[in-house]
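1. Sharing a model prediction with you, sequence too.
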Amino acid sequence: MKFVMIIGPQAVGKMTVGQELAKKTSLKLFHNHMTIELLEPLFGFSSELWQLSDLFRYEIFKKMAESKEAGLIFTYVWAFDLQADWDFVNRVTALFESKNATVYFVELEADLTERLERNKSPHRLAHKPTKRNIERSENELKKTIENHRLHSFEGEIKNKNYLRINNTHLEAQEVADLIIDKFHL
C-alpha cells in the first residue's frame, strides 16, 4: 500500500496532478473536494462541514488502509501554522504506517498569478462546484494566504519520502512523471 499526500495552497494543481498520477499508476485519487462538495450544500462552509469532512475522510482512509488496493492519493491544503492540521496529517500518516503502507508527501508551489488563473480553469470548476463563484473563490484564496502559512519550511516535513515541486510552468503530466520517477511508483 502506498499513500501519497499532495499538499499545497488552493489552485496550485493538487487535484489535476493527482488525476494524472492516478492515470499513470494503480493508485486511486481521493481529492479533498470530494467530501467538501458532498457536504457544502447541506451545511455551507461551517464548522459542521469541516468536522464531518474530517470524519468521512478518516473513515475512508481506514477502509483503504485495510484494503488490498495498491494505494491512495489524497490532496490537502495544509496550514502549517495550525496545530489541528498537523494533528490531522500525523493521524492519517500513523494510520497508513500502522498498516505497513509507505507514505509519500508531495508539496506543490506555484506563483500567485498562475494560481489565480488556475482558479478559473474550466477543469477545476467542473470538479469543484463550490469554486464556481470566482469572486468568492479568489477572495478566499487571497485571505488564506494572508492568514495562514501554506508552505513548509525547509526540513520541516521529516518524512524521507518528500518532494517539493514548483509547478508554475509545468503541466500536470510532467509533475506526475517527476513524482513517479522520484518515488518509483
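-> Received, thanks.

2. what's the lengthiest strand in the chain in contact with?
-> If each strand of the chain is counted by residues according to DSSP state E, the longest one is strand 102-109. Strand 102-109 is contacted by residues 1-9, 12-14, 17, 93, 96-97, 151-152, 157, 159, 161-168, 175, 179, 183 when judged by CB atoms under 8 Å, 6 or more residues apart in numbering. In this view, the C-beta of every residue, glycine as well, is placed from N, C-alpha and C.

3. Kindly report the same for stretch 15-23.
-> 4, 6, 27-29, 31-33, 73-75, 106, 108, 123-124, 127-128, 167, 172-173, 175-176, 179-180, 185.

4. Now with 10 Å, please.
-> By CB atoms under 10 Å, 6 or more residues apart in numbering, the residues outside stretch 15-23 that reach it are 4-6, 8, 13, 27-34, 71-75, 106, 108, 118, 121, 123-124, 127-128, 165, 167, 170-180, 185.

5. Out of the residues you listed, which end up buried?
-> 4-6, 8, 13, 27, 29-34, 71-75, 106, 108, 118, 124, 127-128, 165, 167, 170, 172, 175-176, 178-179, 185 (16 or more other CB atoms under 10 Å).

6. what about Ile36, helix or strand, and which?
-> helix 33-43 (DSSP states H and E).
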